[in-house]
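Undergrad: Got a predicted model here, sequence first, then my questions.
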Amino acid sequence: MTESFPRQYAATRCFSLGIPRVFNISPDGCRVAFLRSRSGTDPVNCLWVLDLDSGAEHLAADPLALGAPDDDLPPEERARRERARERAGGIVSYACDRDLTVAVFALSGRIFAADLAGRGEPRVVPVPVPGPALDPRPDPAGRRVAYVSGGALRVADLPAGGGGSPGGDRVLAAPERDHVTYGLPEFIAAEEMGRLRGYWWSPDGSAILAARVDDGPVQRWHIADPANPAQPPAEVAYPAAGTANAEVTLVLAGLDGSHTPVDWDQVAYPYLATVCWEETGEAGPLFVVQDRTQRQMRILRADAATGRCELVHAASDDAWLDIVPGVPAWTAAGDLVWTGDADGARRLYVAPPAALAGAPPVTPAGLQVRGVLDVDGDTVLFAASQEPAEIHLWTYAPAGLTRLTSEPGVYGGRRAGGTTVVAQRTLREAGRRVRVLRDMPDGAAAPPAIEITSLGARPNVATPAPVLLSAGQREIRTAVVLPSWHQPGSAKLPVVLAPYGGPGHQEVLAAAGTYLTAQWLADQGFAVVVADGRGTPGRGPEWDRAIRGDFAGPVLEDQVDALHAAGQRFSDLDLGRVGIRGWSFGGYLAALAVLRRPDVFHAAVAGAPVTDMRLYDTHYTERYLGHPDEDKEAYERCSLLPDAPRLRRPLLLIHGLADDNVVVAHTLRLSSALLAAGRMHNVLPLSGSTHMAAQAEVMENLLLLQVDFLRRSLAPAAIAPNP
């Protein structure tokens with residue numbers, strides 16, 4: 001019997017297993033390291049190496065063969081994976097030396113080293129600490145490994161051949177008191193800034209730049225597991241909007257025992273966004289800081305000897321400045337790679353540091369830069385969009401711009417040594433293909449691309465066939481997915497909107513795999529409409545900033561406009577039976593829809609919704625709504641709690657009780673307000689589930705329960721007249 005799609009969806013972790021990912025390329029361009037599990041249902045990632053000269057793949061490290069299945073995660077590693085939205089197990093991250101000869105990784109709190117040059121078997125690196133070892137990273141030469149244990153940054157010798165011994169293990173920076181750690185990112189950095197690391201080796205391996213985090217000032221919240229009343233609540237440091245953040249500083253810790261604090265104005269610029277300390281850079285690391293409003297950003301250079309900082313570049317914006325992945329970075333010629341907003345687009349800049357402020361962009365106004373992926377010599381590999389639903393690969397070099405991908409789709413990649421890894425998703429197929437391309441000297445024929453084998457499962461659902469629209473006057477990118485069996489004109493279909501609809505994430509993409517769940521939902525008898533309204537990425541600064549001070553009005557208006565445009569295009573859509581479902585910001589949007597527009601939306605499923613913006617974190621919420629003490633009206637305008645008495649439609653609230661990102665208090669406070677107003681609603685608590693709700697049985701049954709709720713709520717007799 002064929003496995004049902006919901007069960008397969010859960011078993012494959014949303015079809016992410018068996019797919020090659022997390023690539024690193026050797027400087028000579030001859031080897032590619034990557035992660036991949038052995039099948040589309042195997043959750044244990046292994047480390048592999050592809051030799052481009054022979055085309056052969058080599059298994060470099062298998063957690064099961066190492067006797068480390070990674071089923072005993074330290075709390076810190078579990079939290080890191082939650083922040084990274086990591087669903088797989090085994091080796092989920094690894095770090096390499098400069099020449100890609102050794103890789104180190106942690107499994108169940110132990111450090112392992114794998115030889116990527118095929119000269120030996122991977123082995124455990126014994127270290128003399130009782131607690132778990134976190135985030136191991138080798139020095140550039142592959143002679144030592146740094147790691148964090150007990151909040152202290154440590155370093156150990158790493159003998160050649162991938163082995164290890166406790167000889168030479170020592171502490172570089174130790175916490176002076178409770179709530180202080182060295183070498184780990186704070187909650188805000190990992191959840192909102194995309195910075196999942198807290199230390200950086202110097203290019204010569206003589207020192208480490210480490211983040212010192214003191215989260216003592218951060219308020220403590222307590223997350224209980226009501227299903228296990230004997231277990232004490234977990235205490236978390238959660239910086240809600242308007243409250244204190246962790247105090248983050250930097251220290252240069254030398255292997256000779258020296259400690260040099262990095263001196264900048266942390267009061268004015270409390271957010272440490274990113275660090276760049278590369279071989280090609282001038283002496284001392286670069287790092288980027290933001291003020292609390294995120295309207296001011298500074299690139300600073302620290303003197304490696306004194307810790308004093310000098311200003312390299314300053315940027316400002318009346319609304320906010322985004323942290324763009326991959327910048328700053330250096331070219332081999334000593335130019336600085338940066339991005340900035342100009343003429344309605346995010347554009348790429350490559351110039352000497354002293355000339356960066358007045359340099360012209362190297363990309364045109366019609367191209368939206370999404371992020372810098374790598375710098376290979378003087379060639380910059382970056383992702384960018386001309387059409388928001390597509391993300392393509394481009395390179396910039398002194399000779400000019402080159403577009404590397406052409407078929408409509410979504411592409412990512414890495415580059416080093418003239419070798420480019422291209423990961424592609426298109427509308428032709430639901431999976432992801434990974435190809436490796438090699439540059440050749442002028443006039444020489446390029447060798448055929450090598451494809452890295454994908455072992456992902458084939459979905460037990462019809463290949464999605466979304467129709468992509470530019471809806472309404474604002475040309476809202478919209479996808480409509482109809483049942484695979486539907487014949488036009490044969491029947492009216494109830495409609496389900498399935499948006500995210502908020503900052504930082506797109507749902508409408510030219511990639512069939514994006515719509516697997518939408519296609520399955522459509523095949524249950526619905527027309528599914530997905531829309532990326534104002535605030536979603538890929539459309540430029542003006543589009544992003546249209547939601548400043550208001551998460552509710554523009555966002556909801558765009559969903560209504562997209563729905564009506566879809567109804568005009570497809571006459572079989574029954575706009576008298578419209579449901580909406582979403583998770584996180586999408587859950588907020590779903591609840592908002594039935595509360596404020598019951599004339600349009602007749603039922604909603606709201607998963608892990610942010611119902612009161614004062615309960616969400618500082619960096620995200622204050623970026624868009626300002627400080628709650630200064631912009632009270634914005635917080636009131638976006639809160640769902642005052643709207644509780646307006647509920648007239650079926651509403652299902654779903655929330656993981658162990659969620660430490662959008663805590664369950666959001667759903668409970670809305671439920672209390674609805675109860676106080678005498679409004680019927682349903683609440684589905686997920687015991688033991690975090691924001692990802694990643695347990696297989698939860699993932700499977702959540703889909704089935706939502707479909708059942710929407711069927712019952714959108715049946716013709718269930719749609720009451722508008723109040």
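TA: Now that the structure is in, tell me what you want to look at.

Undergrad: Can you classify A446 by secondary structure?
TA: In three-state terms, and counting by DSSP: H, G, I helix; E, B strand; the rest coil, A446 is coil.

Undergrad: quick one: contacts for it?
TA: L437, R438, D439, M440 (CB atoms under 8 Å, 6 or more residues apart in numbering). Heads up, the C-betas are built off the backbone N, CA and C, glycines and all.

Undergrad: Adding distance to Q473, write the residues you listed out as a markdown table.
TA: Output for the contacts of A446, formatted as a markdown table (distance: CB to CB, whole Å):
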| residue | distance to Q473 |
| --- | --- |
| L437 | 41 |
| R438 | 46 |
| D439 | 45 |
| M440 | 48 |
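
Undergrad: Sort out for me which of these are in helices.
TA: Among the contacts of A446, no residue falls in helices (DSSP state H).

Undergrad: closest to G533 among those residues?
TA: L437 (36.1 Å; CB to CB).

Undergrad: what residues are up against that closest one?
TA: L404, T419, T420, V421, V422, A446, A449.

Undergrad: re the thing from before, between the contacts of A446, which is closest to L625?
TA: Among the contacts of A446, and counting by CB to CB, the member closest to L625 is L437, at 44.0 Å.

Undergrad: still on that earlier bit, quick one: which of the contacts of L437 is nearest to V530?
TA: V422 (25.9 Å).

Undergrad: Make a markdown table from the contacts of A446 and add distance to R13 and pLDDT to it.
TA: Rendered in a markdown table, the data for the contacts of A446 read as follows (distance: CB to CB, whole Å; pLDDT from 0 to 100):
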| residue | distance to R13 | pLDDT |
| --- | --- | --- |
| L437 | 29 | 96 |
| R438 | 32 | 94 |
| D439 | 35 | 90 |
| M440 | 38 | 76 |
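
Undergrad: Which of the residues you listed are buried? Put it as a ChimeraX command.
TA: The buried residues among these can be selected in ChimeraX (16 or more other CB atoms under 10 Å) with this line:
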select :437,438
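
Undergrad: Which members of the contacts of A446 occur in strands, if any?
TA: L437, R438 (DSSP state E).

Undergrad: if we can go back for a sec, would TSV of the contacts of L437 with distance to V380 be doable?
TA: Formatted as TSV, the contacts of L437 follow (distance: CB to CB, whole Å):
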residue	distance to V380
L404	12
T419	15
T420	12
V421	16
V422	16
A446	20
A449	21
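
Undergrad: of all those, which two lie farthest apart?
TA: Pairwise over those, using CB to CB, the maximum falls at V421 and A446, 15.0 Å.

Undergrad: Pull out the buried positions in stretch 371-382.
TA: G371, V372, L373, D374, V375, D376, D378, T379, V380, L381, F382.

Undergrad: close enough to count as contact, the fifth one and V337?
TA: Yes. The pair V375 / V337 is scored as a contact, 6.0 Å apart, by CB atoms under 8 Å.

Undergrad: what's the distance between the closest residue in space to P27 that isn't next to it in sequence and A449?
TA: Distances taken as CB to CB, 6 or more residues apart in numbering place G417 nearest to P27, at 5.1 Å, with adjacent residues excluded. G417 sits 16 Å away from A449, going by CB to CB, to the nearest Å.

Undergrad: Please apply the same query to P494.
TA: P494 is 45 Å from A449, by CB to CB.

Undergrad: neighbour-wise, which of the two wins?
TA: P494 (23 against 13; other CB atoms under 10 Å).

Undergrad: what residues go with each domain of the protein?
TA: 19-169, 175-224+234-323, 467-718 (automatic domain parsing).

Undergrad: quick one: which of those domains is nearest A332?
TA: If we rank those by CB to CB, the stretch that ends up nearest is domain 175-224+234-323, at 5.4 Å.

Undergrad: Quick check: mean pLDDT of that closest one?
TA: Mean per-residue pLDDT for domain 175-224+234-323: 95.

Undergrad: Between its first and last residues, what's the separation in it?
TA: 29 Å (CA to CA, to the nearest Å).

Undergrad: Then stretch 254-271?
TA: 24 Å.

Undergrad: Can you list the neighbours in contact with that stretch?
TA: 144, 155, 172-173, 188, 193, 205-209, 245, 247-253, 287, 289-292, 294, 296, 298, 300, 302, 304-309, 619.

Undergrad: Just the buried ones among those residues, please.
TA: 144, 155, 172-173, 188, 193, 205, 207-209, 245, 247-253, 287, 289-292, 294, 296, 298, 300, 302, 304, 307, 309, 619.

Undergrad: buried ones in stretch 340-351?
TA: Neighbour count says stretch 340-351 has G340, D341, A345, R346, R347, L348, Y349, V350, A351 buried, by 16+ other CB under 10 Å.

Undergrad: Ok, stretch 639-659 next?
TA: Within stretch 639-659, judged by 16+ other CB under 10 Å, the buried ones are 639-641, 643-644, 646-659.

Undergrad: What about V600, how many residues nearby?
TA: Quick note: V600 (other CB under 10 Å) scores 18 neighbours.

Undergrad: Just the buried ones among the contacts of L437, please.
TA: For the contacts of L437, buried by 16+ other CB under 10 Å: T419, T420, V421, V422.

Undergrad: surely the second one meets G412?
TA: No. Counting by CB under 8 Å, T420 stays clear of G412, with 11.1 Å between them.

Undergrad: Surely R81 forms part of a helix?
TA: Yes. Assessed by three-state DSSP, R81 belongs to a helix.

Undergrad: In contact with it: list those residues for me.
TA: R81 neighbours (CB under 8 Å, 6+ apart): L73, V92.
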